[in-house]
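Engineer: A structural model of the following input is requested.
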Amino acid sequence: MIAITNKYEFSGINKDFISYIHSRLELISNDDSDFIEAIDSGNPRERISAIDDKILERRLMRNTEYKYKVTNVKSGDLFFEFEGTRLDFAKFYTAENDSIVDVGYPDDIIADYRNGIINDQFDEDRIPAVEAIIERLNAFDKDDVVIIGSGYESALITNSLDDIDQDFRIDEKSLKNLSVLSIESLGYTIEATSQRDGWSRLYLVEDGNRVGQVDFRSNNESIENVRAKLRGDKEFNQNSYLAVGIETLYATSLAHSMAHDRISPEKITALVNSLPSYAKKEYENKLDGMGGKAESVVIPEAEHFYLIHAKQFSRGEPVLFTNEFVGTERAFKEYLDDYKPQVLKIELFQPEFVKPHREIEKIIVAYKNHTGNKEQMLETVKGFDEKALVRLEDRLKDEGIDQKKFENDLNGKQSNKLKMCYAHQKKINPKERYIMNKDTEKDEIVKDIESMGAYLVVKNGRFDNLSILIISKDDDLIGSVKTPSKMKEAYNGNKYRKFDYRRVEDVKDILEGKSQLTDSPIDHSLSLALKEARSILLAYSYKNKTLPMDKIKEIGSKFDDRSIFYLEDRLRSKNISTDDFQRDINKTKQSNKLKI
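Structural biologist: Coordinates of the predicted model:
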C-alpha cells in the first residue's frame, strides 16, 4: 500500500515509482496531495490516474489566461487592461486596496489559517471567527479565486471582483480557443505551418516531437494570422476550417493519450463523449492507427455527489464542518477508510447538484452574516430549479431562518419580485393536468404513477430541457425530473445534422396516451425521465406512508436495473436506509439489487 501525504511518506513501493509520483505532484498544488492519500494496489497507471485527472483539471481551470478590461461605470472610460490568469488579475487588482487581506484559492487560504491556529498566530478570542471564515471558504469551489476583506466576524468573502469596487466594471474574455486550451491541458503544444495549394497544417507536439497532424483549408489566410489565433492574440471564428482542424487535432491528442497511457481511460472517455460526431470518428480512426482499440475505452462507473457532515476538535472544542466528494461509490468507500474527522451524516445527490449546492451555501452564509449583494442572490435563486428550491427550503429550516422574511429581504424594492414556491406550498393549476382517460393506451410507467395517486405536469425548463413535475393528489409538488426538448438524431448526407424536438404538447400527448414512445434517442431520454419520476414517487410514498406496503411491492417488482438505480439514489438522498427498505419489501423480485 502507498500512503502519499503532504510530507510525502512512502512505503512498500520501488524508488522509480516514487520518483515518478514526485514528478507528477510537482504539477499540482500541495493541497491536492490529500486527494491521493491511501492509493491501494494495482498497476502504476491505475495508481496515478487520480493525480493525472487532477493535473488535467488544474491546467485548464487555473492556468487559463484571460484579457481583462476595467472600465469606470460613471464615465465609461477605460481604466486599464490586463492579461493573465484569474489569480494574477485578482492579486493585481486588489494590490493597492488596504481593505483586502487575502487573495487566493480556498484550500490554500484554509491551509494557512489552520496552520496559523496550530502555531498560535491568532489570539484565543479570534479563533472562533477564523473557524467561521474557514467554514465560509468551504462553500466555494476549489478553483474559485477568493478575495477576503478585513475584519473577522463581518469580513467580505467573495469570488466576484465586482463586489470589490462598485465604481468599476470588469470584462473578462478568454485569450485562447477552448479546444486549444484543452490540448494544452493534456500536456501538448501546437505548431502551425503553411502547405501548398491553399492548405495549412497543424502539428500535435509532445516534448518537442510531432506525434500527430491535421490539414485544413487556409482560405489564403496567412500562417502568421493562424498562429496569432492559436496564441489568443486574435479573434477565433468558431465556424471556420481552422476551428474544425483544432477540434480534430484535439481528438488526435485524446487518441494519443489513450494509446500511450498518458491519462486515465475513464477521464479520456468522458472527454471523448463531449466531442462532436466527426471528431469522435477521428478519435477512433487515430486510435486504431496508433495500435489502440476504441473499444478499450472503459465506461466509467456512475458517480455521485457526497456531502459529508463531520466534527473535529480544535483546542478541545468541537468544530462542525462539511466536506464534498464527487466520485463512484467504490472510490467514496476508499476515501472514508482514511477520513480522520468524525462523520456525523452523509447526504447523497446527483453530481450535477454540486453547483446548486454551493450557490445555496453561499447564499445562506451571506444572508446570515449580512454580507453579499442581495440583488445577485435574488437572481441566483430565480435560476434555481425545483430540486434546488426544495434544498434551499431545507437549509433555511436547518439554520432557523424564517422563509417569509428571507423572501421579503431578497425582494426588497425590486419590481420583478421573487415568489418562492416551496415543495409544501407549490400548487398546480388544475388546467395543467393531463386528462386521465382510462380508454387511451398509456405508457406503463405513467399508469404506475397514476395508480400511486399522483400525476405529472410538463413545463418548459431552462436551456433545451423540459421539466416534468410530480404532483400529489393534494396538488403538492413531490419532485421533478428533466428531459431534453432537442436532441441530435443523425447525420443527413454527412452534411446537415438532423434534430428531434419535443414540445410540451408532445410530451403531454405521450402522457395522455394519444401518442406512443418510439425508439428514438429523445424518446429514450423521456423514458428514463419517467422511470426516475416513478422512483422518486415510490420513495416518497414509502417515506410518508401514503401507500400500503403491498402496493409498493407491486410497483417495485416492475423495476429494471435503471429504475432501481434511481430508487436507490433517491432513498439515500432522503437519508432512508436501503437495507430497511429492502427488508420491508423483501418479496420484490429485484430487491436484492438494492444492497450496498
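Engineer: Helices along the stretch 51-200 of the chain, start to end?
Structural biologist: 86-94, 106-118, 127-137, 178-185 (DSSP state H, counting those that start in this stretch).
Engineer: CA atoms only: put the helix or strand that contains residue 230 into PDB for me.
Structural biologist: Using DSSP states H and E, residue 230 maps to helix 223-231. What follows is helix 223-231, C-alpha atoms only, in PDB (Å, rounded to 0.1, in the frame of the first residue of the first chain):
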ATOM      1  CA  ILE A 223       0.200  31.500 -41.300                       C
ATOM      2  CA  GLU A 224       1.100  34.400 -39.000                       C
ATOM      3  CA  ASN A 225      -2.700  35.100 -38.500                       C
ATOM      4  CA  VAL A 226      -3.300  31.400 -37.700                       C
ATOM      5  CA  ARG A 227      -0.500  31.400 -35.100                       C
ATOM      6  CA  ALA A 228      -1.900  34.600 -33.600                       C
ATOM      7  CA  LYS A 229      -5.300  33.000 -33.200                       C
ATOM      8  CA  LEU A 230      -3.800  29.900 -31.600                       C
ATOM      9  CA  ARG A 231      -2.000  32.300 -29.100                       C
END
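Engineer: about what we covered before: what would the helices of the stretch 51-200 of the chain look like in JSON lines with mean neighbour count and mean pLDDT?
Structural biologist: Using the backbone N, CA and C atoms, a C-beta is placed for each residue, glycine as well. Formatted as JSON lines, those follow (neighbours: other Cβ atoms under 10 Å; pLDDT from 0 to 100):
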{"stretch": "helix 86-94", "mean neighbour count": "18", "mean pLDDT": "87"}
{"stretch": "helix 106-118", "mean neighbour count": "16", "mean pLDDT": "87"}
{"stretch": "helix 127-137", "mean neighbour count": "18", "mean pLDDT": "86"}
{"stretch": "helix 178-185", "mean neighbour count": "20", "mean pLDDT": "84"}
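Engineer: and of those, who's closest to residue 329?
Structural biologist: Proximity to residue 329 (Cβ to Cβ) singles out helix 106-118 among these, at 24.7 Å.
Engineer: any idea how this structure splits into domains?
Structural biologist: The chain resolves into domains spanning 1-64, 66-174, 178-296, 430-594 when parsed by automatic domain parsing.
Engineer: among the ones you listed, which is nearest residue 352?
Structural biologist: domain 430-594 (9.8 Å).
Engineer: that older thread, format the helices of the stretch 51-200 of the chain as JSON lines; extra columns: distance to residue 400.
Structural biologist: Listed next are these as JSON lines, based on distance: least, Cβ to Cβ, whole Å:
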{"stretch": "helix 86-94", "distance to residue 400": "34"}
{"stretch": "helix 106-118", "distance to residue 400": "26"}
{"stretch": "helix 127-137", "distance to residue 400": "16"}
{"stretch": "helix 178-185", "distance to residue 400": "44"}
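Engineer: for those, which one sits closest to residue 388?
Structural biologist: Checking those against residue 388 by Cβ to Cβ gives helix 127-137 as the closest, at 19.9 Å.
Engineer: if we can go back for a sec, tilt between the helix holding residue 230 and helix 178-185?
Structural biologist: With axes from the mean of the first three to the mean of the last three Cα atoms, to 10 degrees applied, the angle from helix 223-231 to helix 178-185 works out at 70 degrees.
Engineer: Run through the helices of the stretch 301-450 of the chain in chain order.
Structural biologist: Taking DSSP H, counting those that start in this stretch as the test, the helices found in the stretch 301-450 of the chain are 329-337, 354-368, 374-382, 386-398, 403-411, 444-451.
Engineer: Columns distance to residue 306 on top of these, output as a markdown table?
Structural biologist: Shown next, in a markdown table, are the helices of the stretch 301-450 of the chain (distance: least, Cβ to Cβ, whole Å):
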| stretch | distance to residue 306 |
| --- | --- |
| helix 329-337 | 5 |
| helix 354-368 | 10 |
| helix 374-382 | 24 |
| helix 386-398 | 15 |
| helix 403-411 | 27 |
| helix 444-451 | 29 |
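Engineer: quick revisit: list the first helix or strand encountered after the helix holding residue 230 toward the C-terminus.
Structural biologist: In N-to-C order, the element after helix 223-231 by DSSP H and E is helix 241-259.
Engineer: For that next one, give the mean pLDDT please.
Structural biologist: Taken as a whole, helix 241-259 has an average pLDDT of 89.
Engineer: any weak-confidence spans in this protein?
Structural biologist: 1-61, 63, 152-154, 291-302, 413-440, 461-464, 487-500, 587-596 (pLDDT under 70).
Engineer: that older thread, of the domains of the chain, which is nearest residue 344?
Structural biologist: For residue 344, the closest of the domains of the chain is domain 430-594, at 11.9 Å, according to Cβ to Cβ.
Engineer: buried stuff in the helix holding residue 230?
Structural biologist: Using 16 or more other Cβ atoms under 10 Å as the burial criterion, the residues of helix 223-231 that qualify are 226, 229-230.
Engineer: related to what we said a few turns ago, please tabulate the helices of the stretch 301-450 of the chain in JSON lines and include mean neighbour count and distance to residue 141 as additional columns.
Structural biologist: Listed next are those as JSON lines, based on neighbours: other Cβ atoms under 10 Å; distance: least, Cβ to Cβ, whole Å:
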{"stretch": "helix 329-337", "mean neighbour count": "14", "distance to residue 141": "19"}
{"stretch": "helix 354-368", "mean neighbour count": "18", "distance to residue 141": "6"}
{"stretch": "helix 374-382", "mean neighbour count": "16", "distance to residue 141": "14"}
{"stretch": "helix 386-398", "mean neighbour count": "18", "distance to residue 141": "16"}
{"stretch": "helix 403-411", "mean neighbour count": "15", "distance to residue 141": "23"}
{"stretch": "helix 444-451", "mean neighbour count": "17", "distance to residue 141": "36"}
